[in-house]
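K.L.:
based on what follows, work out the 3D shape:
(one chain, ligands or ions: 1)
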Amino acid sequence: MKVAVIGCGLIGKRRSQTAMEHPLSELAIVVDINPAAAEAVAAQYGCESATDWKAAIAHPDIDIVAVATHNGLLAEIAIAALQAGKHVLIEKPMGRNLAEALKMAEAAKAANRILKIGFNHRYHPALAKAYDLFQAGAIGEIINIRARYGHGGRPGYENEWRGNPELAGGGELTDQGVHIADLIHWFAGLPTEAFAYLQTAIWPIQPLEDNGFGLFRFGDGAIASFHTSWTQWKNLFSFEIYGQKGSLTIEGLGKSYGIERLTIAYRKPEGGVPDLEDLVFDLPDTSWELEWQDFIEAIAAKTPYWGAPEEGVSAMRMLDALYRSAKAGAPIHV
Ligand SMILES: NC(=O)c1ccc[n+]([C@@H]2O[C@H](COP(=O)([O-])OP(=O)(O)OC[C@H]3O[C@@H](n4cnc5c(N)ncnc54)[C@H](O)[C@@H]3O)[C@@H](O)[C@H]2O)c1
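P.N.:
Prediction:
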């Protein structure tokens with residue numbers, strides 16, 4: 001399958017390498033509005049380069065389009081690529097807002113093509129293992145979830161696309177928060193109610209937020225709380241799931257987020273210190289390869305895959321409710 005990667009920044013480079021290394025895909029063309037960025041990737045992998053994404057996605061030889069531009073173009077390029085008959089992987093978030101996500105889901109359905117949202121965190125080994133254990137009933141029904149995710153941002157954010165409402169859609173609640181929304185949804189389903197406080201504490205990116213605090217309540221009474229932050233001076237990822245019979249704690253994502261670990265606590269019926277199992281995943285990050293493999297299998301064998309349009313829409317629905325709640329200063333029905 002021949003691949004076009006649109007956007008040759010941090011993630012586009014990663015997608016290019018992954019597409020090139022997979023036995024069933026071949027990187028045919030990389031596109032960036034900045035010719036030097038596209039040419040550098042093309043020189044590395046021996047493919048074509050271009051600056052016009054419209055011409056690249058129209059090419060009949062292309063089977064797959066991976067969209068890794070700023071958030072402002074994800075929907076426009078994804079919809080055009082789907083309408084041109086291509087399978088599409090877009091980076092998270094699923095567009096700038098719920099309306100864009102719904103349009104993309106509709107376009108994928110109409111074109112009968114695979115659209116995958118880049119929720120690569122699901123493929124991190126500690127999270128994938130936690131999900132398997134949860135599915136196997138290791139901790140019973142979920143009572144509550146507590147999540148924290150963040151990094152320290154950087155001076156000059158206001159001059160980057162992440163600091164521009166038109167190009168980003170939202171601030172940190174959208175940027176890293178969409179991963180948290182997706183993980184919460186993955187484990188606990190769609191909440192019924194959402195509440196959020198947003199802050200613009202340090203970086204001059206108003207009206208965007210550099211911190212988001214959120215609460216979700218689910219139909220069965222479960223509750224999830226989270227904090228996403230661009231003022232988390234020491235990078236942090238922590239995702240804790242508490243069930244009736246025990247808990248799953250995932251910490252770290254590798255590199256600057258620390259070694260990835262999963263701690264499973266098995267509650268003792270008589271009370272006291274639970275039995276603990278500690279799994280350490282001190283490995284290189286293979287989430288991008290596993291995610292691409294899932295995508296390729298979905299195209300080749302029509303297998304179910306993670307990051308399907310309805311999952312992307314659910315995460316955007318959750319963020320939409322949080323933004324509306326922050327504006328209203330009240331809980332919002334999701
Ligand atoms: N899954 C993850 O953990 C993760 C991590 C970081 C970023 N992302 C997502 O990946 C996407 C890209 O983020 P990034 O950090 O790589 O950004 P980036 O700024 O490094 O790269 C974006 C690239 O898009 C190019 N671009 C802009 N307009 C274009 C156009 N009209 N045509 C072609 N190229 C154009 C820019 O020149 C730039 O090279 C975003 O949607 C972001 O949310 C996902």
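K.L.:
quick check: the closest residue to residue 208 other than its chain neighbours vs the ligand, distance?
P.N.:
Closest residue to residue 208 apart from its sequence neighbours, by Cβ to Cβ, 6 or more residues apart in numbering: residue 171 at 3.3 Å. The way it works is simple: take the backbone N, C-alpha and C, and place the C-beta from them, glycine included. The gap separating residue 171 from the ligand is 12 Å, by Cβ to the nearest ligand atom, to the nearest Å.
K.L.:
same deal with residue 132?
P.N.:
21 Å.
K.L.:
same check, this time on residue 106
P.N.:
To the ligand, residue 106 is 20 Å away according to Cβ to the nearest ligand atom.
K.L.:
so which strand or helix has that residue?
P.N.:
Secondary structure from DSSP states H and E places residue 106 in helix 98-111.
K.L.:
could you pull out the buried residues of that helix?
P.N.:
Of all the residues in helix 98-111, those buried under the rule 16 or more other Cβ atoms under 10 Å are 98, 100, 101, 102, 103, 104, 105, 107, 108, 111.
K.L.:
quick one: list the elements packing against that helix.
P.N.:
Counting contacts by 3 or more Cβ pairs under 8 Å, 6 or more residues apart in numbering; DSSP states H and E, helix 98-111 packs against helix 71-83, strand 115-118, helix 309-328.
K.L.:
contacts made by that helix with the rest, please.
P.N.:
With contact meaning Cβ atoms under 8 Å, 6 or more residues apart in numbering, helix 98-111 is reached by 74-75, 78-79, 82-83, 85, 88, 90, 93-95, 114-115, 169, 309-310, 312-313, 316-317, 319-320.
K.L.:
ok, stretch 125-138 next?
P.N.:
121-122, 139, 142, 183, 186-187, 239, 241, 243, 245-246, 248, 250-252, 260-262, 264, 266, 279, 281, 283, 286.
K.L.:
can you do 6 Å?
P.N.:
121, 248, 250, 260, 262, 281 (Cβ atoms under 6 Å, 6 or more residues apart in numbering).
K.L.:
quick one: which of the residues you listed is nearest to the ligand?
P.N.:
Among these, residue 121 lies closest to the ligand (Cβ to the nearest ligand atom), at 6.8 Å.
K.L.:
not counting its neighbours along the chain, what's nearest residue 33?
P.N.:
Nearest non-adjacent residue to residue 33, counting by Cβ to Cβ, 6+ apart: residue 51, 5.8 Å away.
K.L.:
count the residues that sit near that neighbour.
P.N.:
Residue 51 has 14 neighbouring residues, counting by other Cβ atoms under 10 Å.
K.L.:
check whether stretch 290-298 contacts the ligand.
P.N.:
No. Stretch 290-298 lies out of reach of the ligand by Cβ under 6 Å from any ligand atom, never closer than 8.6 Å.
K.L.:
okay, that stretch in CSV with CA atoms only?
P.N.:
C-alpha atoms of stretch 290-298 as CSV (Å, rounded to 0.1, in the frame of the first residue of the first chain):
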residue,chain,number,x,y,z
LEU,A,290,1.8,-1.3,16.8
GLU,A,291,-0.7,1.5,15.9
TRP,A,292,0.3,1.3,12.2
GLN,A,293,0.1,-2.5,12.3
ASP,A,294,-3.5,-2.2,13.6
PHE,A,295,-4.3,0.3,10.8
ILE,A,296,-2.8,-1.9,8.0
GLU,A,297,-4.6,-5.0,9.3
ALA,A,298,-7.9,-3.1,9.4
